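**Q** Quick one, fold the following:
(6 chains)
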4 protein chains.
Amino acid sequence: MTPAAKSTASRTQRKTTAASRAVGAGTRKPGVRELSAQATRDGILKAATQVFAKYGFDGGSVEKISSAAKSVDRMLYYYFGNKEGLFIAVIEDMYRQMNEAEAELDLDTEQPVQALRDVIAFVLNYYQRHPEFVTLLNTENLHQGRHIVKLDQAAQYSSPAIDVIRRILHTGVQQGLFRPDVVARDVYLLIVSTGYFYMSNRFTLSAFMGEDLQAPQALQHWQNFVTDTVLRTVSR
Amino acid sequence: MTPAAKSTASRTQRKTTAASRAVGAGTRKPGVRELSAQATRDGILKAATQVFAKYGFDGGSVEKISSAAKSVDRMLYYYFGNKEGLFIAVIEDMYRQMNEAEAELDLDTEQPVQALRDVIAFVLNYYQRHPEFVTLLNTENLHQGRHIVKLDQAAQYSSPAIDVIRRILHTGVQQGLFRPDVVARDVYLLIVSTGYFYMSNRFTLSAFMGEDLQAPQALQHWQNFVTDTVLRTVSR
Amino acid sequence: MTPAAKSTASRTQRKTTAASRAVGAGTRKPGVRELSAQATRDGILKAATQVFAKYGFDGGSVEKISSAAKSVDRMLYYYFGNKEGLFIAVIEDMYRQMNEAEAELDLDTEQPVQALRDVIAFVLNYYQRHPEFVTLLNTENLHQGRHIVKLDQAAQYSSPAIDVIRRILHTGVQQGLFRPDVVARDVYLLIVSTGYFYMSNRFTLSAFMGEDLQAPQALQHWQNFVTDTVLRTVSR
Amino acid sequence: MTPAAKSTASRTQRKTTAASRAVGAGTRKPGVRELSAQATRDGILKAATQVFAKYGFDGGSVEKISSAAKSVDRMLYYYFGNKEGLFIAVIEDMYRQMNEAEAELDLDTEQPVQALRDVIAFVLNYYQRHPEFVTLLNTENLHQGRHIVKLDQAAQYSSPAIDVIRRILHTGVQQGLFRPDVVARDVYLLIVSTGYFYMSNRFTLSAFMGEDLQAPQALQHWQNFVTDTVLRTVSR
DNA sequence: CATGAATGAGCTTTCATTCAT
DNA sequence: CATGAATGAAAGCTCATTCAT
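**A** Residues are numbered from 1 along each chain as shown, chains lettered A, B, ... in the order given. The predicted model follows:
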């Protein structure tokens, strides 16, 4: 018997989430065995994140992952049921991490212009610092979001940034700075688009533009342009 | 001798492009066998485009392609050398097709505002109608642009749209409509970002936003917003 | 120390039988833990019987058995040493059950014809009601009786039916009803053959005969024919 | 592309039978390549028959088969699609062989008693000389006839023996030797039961009876008893 | 020009079993 | 007494590719 629900079952009806499994047995003090077990699981998850990000789902072989985790293939199945279950855990973990990072954003919504600048800087920088986020999402979209829908509480991973932007826009309108007819979701998508695409397509763009779009000044230039554009589109 | 050079070298330094090979023996009148051979080659290329777009490079097996083309594995090697050569041919063909489509864009640069609207509409619609373009580019970027650099005249596939936008902006500035300090490349990237991301990430976005972003009115709303944003950012 | 001897030797020369182990510590009153332990063991044995009967020895995986028993793999090794030890216990249990059933047969050997009818009915019905008996025996014969010879007192499981038939035939001869030159063992094999084969090969027979041999009237017809045949062969 | 229809397709809709594939391209003279290919296929089929008969379907691994055939795993899939397809081909071949053997039976139906003796001798001897037939059928019945129903023309493999027996009984009735109310199918099942069971269960029977049932005189004794029994049950 | 046959390495997954507390 | 963690080997199968005519 394994921590992962039986593989067939795990695909159809997942009773325990990867997250809940990781948490352990509540308040009870964990023994050394459980701690090392947790380390094993975490190591596989971390290795899988890197391997899937680098090679995609199909290209990221189980062997690549287990050896990167300094473990063996068998343990992957012990903890995650199968390759797909591992990928789902990776996606879930990826969203959790980004949500945590967003939660740490300390914004002063009373200063809507500056707050918007901060949000843009955060999003663009997050993608730059987390290229694996971009490739994992591309992989998931290649598979038509097949794994995301299996997340237990998919909705909980919906970006809170959109709510933040909504509040910023609201304050800006009240202060007479912003137009009242701008939808927060559009602004969110605009910001995310520019940050995501710039990172996602950096290789093909570089090949055709003959510039290094990842050079610090190029990145700064792009961020300035995006900030300017966003502010123009929300301002009166 | 086969159409595809057989040496190992053919994989690293490709002397003849897939395109040039496809053209055949110049002015000589082709016989019926060559015509059917051309049809076989085209069928494989078309099938490969669909299969690679749907499954990525690793997920798109040779067998999937040859059976989709109603051909056999062996023919793929006969015409394209190996799987990578076929993928390169697909990428090349994909760029060629988009360039052809762009070339058909009939713009009146004397009307810069309308011309810009037309460019935006073209780009957004092109991605919507060619989802395979998006997934193939994502796949190529996952592989860090490894195949694109093997295209013989990569630069020739650089989007002409950027030049078009440059002319539009220039005219707009002369007419006193646009700001003089906007870089065409930034505007191009802005437009492409919004069109590409919206299509590329449609599955994960839908999962978390609970909306159908591909519904006609949603698409129109997005296009309006993007158009508005672009015009605001270039206008005085 | 575990109930199943842990040494490697336990697999080759088994000193204690599964049955003796199950009995426990003789007359001592068992505690609640031992009762539940007994329940666990019985549950595994029952599950194993079903799984081995359905999938054979090789097809019946440890995991299938433990999950069918709502237990875990480890318990199987705890109580039965290994998979082979469990299979041996299943075979032993199967024979014990059939012997118990035979023992309940209440025959009037003074009425040899009727007694023979009863024996035939019993055998044919037993196989019909215990298809697992048939598939387990087939599995054991596939393995060339490898496990049966490890039963401690294999001979004790020899069918008592053959002795019963011997007595019936003897009485019948004395009453002038039966031929004196019929061997009980032959009659026994004849009855068993017809009952066993009809059940064992029901799937392939049905596929080729286009009849449902398991329909009640078909079963009755077969029993009548067998009874008639046996009586004709033993009668003067 | 392979001779075996694509594996998925082969399981659902089998267009070409294993037999038809083996026949080759009709009247055209086969080249040396095709001859050796046929040899490869036949070798695998023969090895598979032995391995499946000895170890069952689950116990008969692909590696055991390919090495017994002095081939490699891959060729098994090339010719038979998958393990199940190979097993089906084995079953089909097994039936074909038995039907061929039955066809060679030269009976004089004008001598119904002797003809019946000959049929019994044939059936009992066939099982004795072909123990693989017995274990393969047991394996197929363990799997509930799952493979047999996939045979293209399953009905064609229905034993012709039953028709032979029908004719014999008919002649016997006309000659006033046999009872008119005996069903050929019952006689067929009776004969087959006794031959099959005696072979199939030889290991468990020997273990409990303490006799060698496979000794020549034991076999002859059994054949005599069966013959006597059958004749008694059909005679007036 | 075209194609059936063949191949070795790799894939994901499951196997029965033991370790360590 | 009981169990979660771990494991090496082997399973069935698919991979991209080359051979040989």
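**Q** Quick check: what element follows the helix ranked longest in chain A along the chain?
**A** Ranked by residue count under DSSP state H, the longest helix found in chain A is helix A:32-59. As assigned by DSSP states H and E, the chain's next helix or strand after helix A:32-59 is helix A:62-68.
**Q** coming back round to it: angle of the longest helix of chain A against helix B:32-59?
**A** 160 degrees (axes from the mean of the first three to the mean of the last three C-alpha atoms, to 10 degrees).
**Q** elements contacting helix A:32-59?
**A** helix A:18-23, helix A:62-68, helix A:73-80, helix A:83-103, helix A:131-142, helix B:32-59, helix B:131-142 (3 or more C-beta pairs under 8 Å, 6 or more residues apart in numbering or on different chains; DSSP states H and E). Glycine gets a C-beta too; all of them are placed from N, C-alpha and C.
**Q** residues near A:Gln217, how many?
**A** For A:Gln217, the number of neighbouring residues by other C-beta atoms under 10 Å in any protein chain shown comes to 8.
**Q** Just the mean pLDDT for the strand or helix carrying it, thanks.
**A** Here A:Gln217 sits within helix A:216-234, counting by DSSP H and E. Averaging pLDDT along helix A:216-234 yields 98.
**Q** Near the nearest residue to A:Arg41 once chain neighbours are set aside, how many other residues are there?
**A** Nearest non-adjacent residue to A:Arg41, counting by C-beta to C-beta, 6 or more residues apart in numbering or on different chains: A:Tyr79, 4.8 Å away. Other residues lying near A:Tyr79 total 24 when counted by other C-beta under 10 Å.
**Q** hmm, back to that, now the angle from the helix holding A:Gln217 to helix B:216-234?
**A** With the same axes, to 10 degrees defining the directions, helix A:216-234 sits at 110 degrees from helix B:216-234.
**Q** now for helix A:216-234, which elements pack on it?
**A** Contacts defined by 3+ C-beta pairs under 8 Å, 6+ apart place helix A:216-234 against helix A:112-129, helix A:184-200, helix B:184-200, helix B:216-234.
**Q** can you pull the buried residues of that helix?
**A** A:Leu219, A:Trp222, A:Gln223, A:Phe225, A:Val226, A:Thr227, A:Thr229, A:Val230, A:Leu231, A:Thr233, A:Val234 (16 or more other C-beta atoms under 10 Å in any protein chain shown).
**Q** Equivalent analysis for stretch A:87-98, please.
**A** By neighbour count on 16+ other C-beta under 10 Å, the buried set for stretch A:87-98 is A:Phe87, A:Ile88, A:Ala89, A:Val90, A:Ile91, A:Glu92, A:Asp93, A:Met94, A:Tyr95, A:Met98.
**Q** starting at the chain centroid, how far to it?
**A** Computed by C-alpha atoms, centre = their mean, to the nearest Å, the chain-centroid distance of stretch A:87-98 equals 7 Å.
**Q** what comes into contact with that stretch?
**A** With contacts defined as C-beta atoms under 8 Å, 6 or more residues apart in numbering or on different chains, stretch A:87-98 is touched by A:17-19, A:45, A:48-49, A:52, A:57, A:80, A:126, A:130, A:132-133, A:136, A:140, A:147-148, A:150-151, A:157, A:159.
**Q** ok, it near DNA strand E or not?
**A** No. Stretch A:87-98 lies apart from DNA strand E when judged by C-beta under 7 Å from any atom of the strand; the minimum separation is 9.5 Å.
**Q** Mind checking the pLDDT average for that stretch?
**A** 95.
**Q** Pull it out as PDB, backbone CA atoms only.
**A** Taking C-alpha atoms only, stretch A:87-98 is exported to PDB below (Å, rounded to 0.1, in the frame of the first residue of the first chain):
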ATOM      1  CA  PHE A  87       2.900  16.500 -13.000                       C
ATOM      2  CA  ILE A  88      -0.400  17.600 -11.400                       C
ATOM      3  CA  ALA A  89       1.400  17.900  -8.100                       C
ATOM      4  CA  VAL A  90       4.000  20.100  -9.800                       C
ATOM      5  CA  ILE A  91       1.400  22.400 -11.300                       C
ATOM      6  CA  GLU A  92      -0.400  22.700  -8.000                       C
ATOM      7  CA  ASP A  93       2.900  23.500  -6.200                       C
ATOM      8  CA  MET A  94       3.700  26.000  -8.900                       C
ATOM      9  CA  TYR A  95       0.500  27.900  -8.400                       C
ATOM     10  CA  ARG A  96       0.800  27.700  -4.600                       C
ATOM     11  CA  GLN A  97       4.200  29.300  -4.800                       C
ATOM     12  CA  MET A  98       3.100  32.100  -7.000                       C
END
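**Q** follow-up on the earlier one: selection in PyMOL covering whichever of the contacts of stretch A:87-98 are buried, please.
**A** The PyMOL command for the buried members of the contacts of stretch A:87-98 (criterion: 16+ other C-beta under 10 Å) is given here:
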select buried, chain A and resi 17+18+45+48+49+52+57+80+126+130+132+133+136+140+147+148+150+151+157+159
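**Q** sorry, back to before: would you mind listing the buried residues in the longest helix of chain A?
**A** Neighbour-count burial for helix A:32-59 flags A:37-38, A:40-41, A:43-45, A:47-59 (criterion: 16+ other C-beta under 10 Å).
**Q** next one: stretch A:159-168
**A** For stretch A:159-168, by 16+ other C-beta under 10 Å, it's A:Ser159, A:Ala161, A:Ile162, A:Val164, A:Ile165, A:Ile168.
**Q** if you look at those residues, which of them are in helices?
**A** Those of the buried residues of stretch A:159-168 lying in helices (DSSP H): A:Ala161, A:Ile162, A:Val164, A:Ile165, A:Ile168.
**Q** Point out the residues in chain A that sit beside chain D.
**A** If contacts are counted using C-beta under 8 Å from any C-beta of the partner chain, no residue of chain A sits beside chain D.
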